[in-house]
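> how would this look folded up:
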Amino acid sequence: MYQVVPGGADGTTLGGAAPMKKKMDREGRQLMMASMLGMVLVIAAVVAWCYYTSSLRKADILKTGLLDLNKDGFVIHNQAGDIVFQMAFRSGTLDLDSCSKEAEIVSCDRSEAGKLNFFIQTVRPKDTVMCYRVRWEELESERPVEHAMAYNGSHWYGGAETSAQHWPISISGRQAPKPFITSDIYANRDDFGGILERYWLSSNATAIKINDSVPFHLGWDDGEKTMRFQARYQDSPYKPDPGQPPYAELSYRVCVGHDVTSIHKYMVRRYFNKPNKVPSEVVFRHPIWSTWAMYKTEIDEEKLLTYAANIRKYGFNCSHLELDDRYTTGYGEFDFDPVKFPNASSMFQKLKADGFLVSLWTHPFVNYDSANFGVGMEKGLFVREPAGQLPALVSWWNGVGAVLDFTNPDARDWYSSHLRALKSKYGGVVSFKFDAGETSYLPQQFSTLLPLRDPSTYTRRYTEMAIPFYERAELRVGYQSQNISCFFRIIDRDSVWGYELGLKSIIPTVLTISILGYQFILPDMIGGNVYPNRTHGGQQLPDRELYIRWLELSAFMPAMRFSIPPWEYDAEVIHIAQSFAALHETLVAPRVLELASEVLNTGDPIIRPLWWIATDDEAAYKIDSQFLIGDDLMVAPVLEPGKQERDIYLPAGRWRSYKGEYFDKGPMHLTDYHVDLDEIAYFVWIQESGK
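Numbers count the residues shown, from 1 in each chain. Next comes the predicted model:
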């Protein structure tokens, strides 16, 4: 039988189907919402993972070796994890999203200002050295590149000869980057000197070498304790390669080592030229005698012969006589003035018979009133105006004239042929004192036969003229010229005590150019040049005490040079001069000659800072009035007026003083160590304590 279920007009006769549908709709919506939430969580997790892995990838890009790169610069750590080098990007910031890493190279192609080429490459040349090649090239012609190197609490050395030389480098004020080119710092005392290299070294065992291709400008900021390295072509004497866009490129190498001495040795062996010969042994042993400070331009035949006779009369040896300015009729001439030197040939014969050889002063200028000015015009021997038609007239300390273009083989041949002719005609002429050669004597706008991207290349070309005469030749300029195997003279000194071209500046200057790779160093004339208004006490001679202390210091340099002779003073000064010339010959010269032969292979300094043998000694990094000859002879001259004592610092080791005292509890300070006026303090390192 069938059961009849009561129903009604509202459709409830389907036995509850409508309530069931509502329940199912509600559960579906909940399931869908749960599914959507799950999808959101999955997507969020994927995004988070992608961001996380991207961050890990970016962190890997920002590290290479012991270098950490960020958008504003980079820092370098040593093996112990300490920051030893800091460089800030001052002309722009990197877009790190444009960076990638492949092997040991991090490269980026954008900054916040636009496109660029940037990379840092890690190089491991040896176990104890880590190097980084850095290059930032702008791709817009008007945009310079500037990086700022922080002192980072360390002491820095190198760069250039300066008028007020300090060791370590000491700067003051703020200097906008200016061309890093060779200049005459006697005439322009705020410029960089005639001997310079793009190389700096720090007590943190780091070194930086700016590449030759960079249009390099150097500035500084004492407040920020930074050196500003800039590359630019605008408002600059640097020129891009012909046909190439003037895109500024700043590229350099930074190397980190175990200690300052070892990293410097690595840099010298890797990046510096080295001499291939040692100059004449006699120049190391016996003094040079110059006519300049004594006679200036008033030199003549009679004075030269008298000067030579007095050298013998007072019992001195002589490497050679140096006949300085104004022996010719004009600047640009090579013949002897017949009025001042009426018997030049017989004069040289007599000098040679008496044991005197002579070097002659020379320079790259031909004054407009010289007979050779027309010759140079006709042959095209001079640096020219930018249009290339007329010689570019320049002003120098002896007038106005043209300057020889040593990129031109014809000019080189013409100049060297005249020098060879002088040697041939006068048998007593053995070499030349090559004066000037600084880039600062080129006109602001000029052209040469071979274009000079870097104007200091002119200095390099000039130094090459000394190669045939290397044994006794002398230069006062150097740029990439370490392989020119002759003596390099520090710029003229005033007859004063202080750091600005005075007695105190000699050691810092010699140490600086030694670090730059120039080891055959000739200090200036004993007592200075006695220029008017630049002489202590305003006298006609250097102050007597100053002269004696200068003489004592010079005796411990690679070579000595007199001009003001000791017999202009008194018997005591003559005796002191004789004693120290003999000490130089017997004690100093043998050591220097031994070290000079080593320079050909190593490039290591002959005159060394105290930190050379005391790399972990903070005090040694700041000593600017003492120096080493090799590793075992330490010299501490008196450099203050009215003093017969000085403080002396002895690095660790056993030392024997020139008085016979032994000191073996170093490092130590000797306070008010007594040094008589006729003495210089020096100490010999004793290898074994039992000896």
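
> Might you list the low-confidence residue ranges for the protein?
Counting by pLDDT under 70, the chain shows low-confidence ranges at 1-61, 688-691.

> quick one, helices of it?
17-61, 260-271, 281-285, 292-295, 301-313, 344-353, 371-379, 409-425, 457-463, 506-515, 544-554, 571-583, 589-602 (DSSP state H).

> Just list what the shortest one packs against, helices and strands only.
It stands for helix 292-295. With contacts taken as 3 or more CB pairs under 8 Å, 6 or more residues apart in numbering; DSSP states H and E, helix 292-295 sits against helix 301-313. (Each C-beta comes from the backbone N, C-alpha and C, glycine too.)

> Would you mark the buried spots in the helix it packs on?
301, 304, 305, 307, 308, 311 (16 or more other CB atoms under 10 Å).

> angle of that helix against helix 344-353?
For helix 301-313 against helix 344-353, the angle between stretch directions is 0 degrees (axes from the mean of the first three to the mean of the last three CA atoms, to 10 degrees).

> what about dumping the CA coordinates of helix 301-313 to PDB?
What follows is the C-alpha trace of helix 301-313 in PDB, where atoms were taken according to Å, rounded to 0.1, in the frame of the first residue of the first chain:
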ATOM      1  CA  GLU A 301     136.800  80.800 -17.200                       C
ATOM      2  CA  GLU A 302     139.000  82.300 -14.500                       C
ATOM      3  CA  LYS A 303     136.500  81.600 -11.800                       C
ATOM      4  CA  LEU A 304     136.100  78.000 -12.900                       C
ATOM      5  CA  LEU A 305     139.800  77.400 -12.900                       C
ATOM      6  CA  THR A 306     140.200  79.000  -9.500                       C
ATOM      7  CA  TYR A 307     137.300  76.900  -8.100                       C
ATOM      8  CA  ALA A 308     139.000  73.700  -9.300                       C
ATOM      9  CA  ALA A 309     142.400  74.800  -8.000                       C
ATOM     10  CA  ASN A 310     140.900  75.400  -4.500                       C
ATOM     11  CA  ILE A 311     139.300  71.900  -4.500                       C
ATOM     12  CA  ARG A 312     142.700  70.400  -4.800                       C
ATOM     13  CA  LYS A 313     144.300  73.000  -2.500                       C
END
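
> Pull the residues that contact it.
Contacts of helix 301-313 from elsewhere in the structure, counted by CB atoms under 8 Å, 6 or more residues apart in numbering, are 289, 291, 294-295, 318, 321, 323, 340-344, 347, 350-351, 354-356, 565, 567.

> switch to 10 Å and redo it
Outside of helix 301-313, the residues within contact range by CB atoms under 10 Å, 6 or more residues apart in numbering are 287, 289-291, 294-295, 299, 316-318, 321, 323, 327, 336-337, 339-344, 346-348, 350-351, 354-356, 358, 562-563, 565-568.

> still on that earlier bit, tell me which two of the buried residues of helix 301-313 sit farthest apart.
Pairwise distances across the buried residues of helix 301-313 peak at 16.2 Å for 301 and 311 (criterion: CB to CB).

> Same list, the helices of the chain, but as JSON lines with distance to residue 496 please.
What follows is the helices of the chain, written out as JSON lines (distance: least, CB to CB, whole Å):
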{"stretch": "helix 17-61", "distance to residue 496": "56"}
{"stretch": "helix 260-271", "distance to residue 496": "31"}
{"stretch": "helix 281-285", "distance to residue 496": "27"}
{"stretch": "helix 292-295", "distance to residue 496": "14"}
{"stretch": "helix 301-313", "distance to residue 496": "25"}
{"stretch": "helix 344-353", "distance to residue 496": "33"}
{"stretch": "helix 371-379", "distance to residue 496": "37"}
{"stretch": "helix 409-425", "distance to residue 496": "34"}
{"stretch": "helix 457-463", "distance to residue 496": "27"}
{"stretch": "helix 506-515", "distance to residue 496": "12"}
{"stretch": "helix 544-554", "distance to residue 496": "8"}
{"stretch": "helix 571-583", "distance to residue 496": "19"}
{"stretch": "helix 589-602", "distance to residue 496": "27"}
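
> Can you say which of those is nearest to residue 608?
Ranking those by proximity to residue 608 (CB to CB) places helix 506-515 first, at 7.1 Å.

> Quick check: buried residues in the closest one?
Residues 506, 507, 508, 509, 510, 511, 512, 513, 514, 515 are the ones in helix 506-515 that count as buried (16+ other CB under 10 Å).

> For it, which helices and strands make contact with it?
Counting contacts by 3 or more CB pairs under 10 Å, 6 or more residues apart in numbering; DSSP states H and E, helix 506-515 packs against strand 156-160, strand 196-202, helix 260-271, strand 521-522, helix 544-554, strand 607-608, strand 627-629.

> so which of these gets nearest residue 103?
helix 260-271 (21.5 Å).
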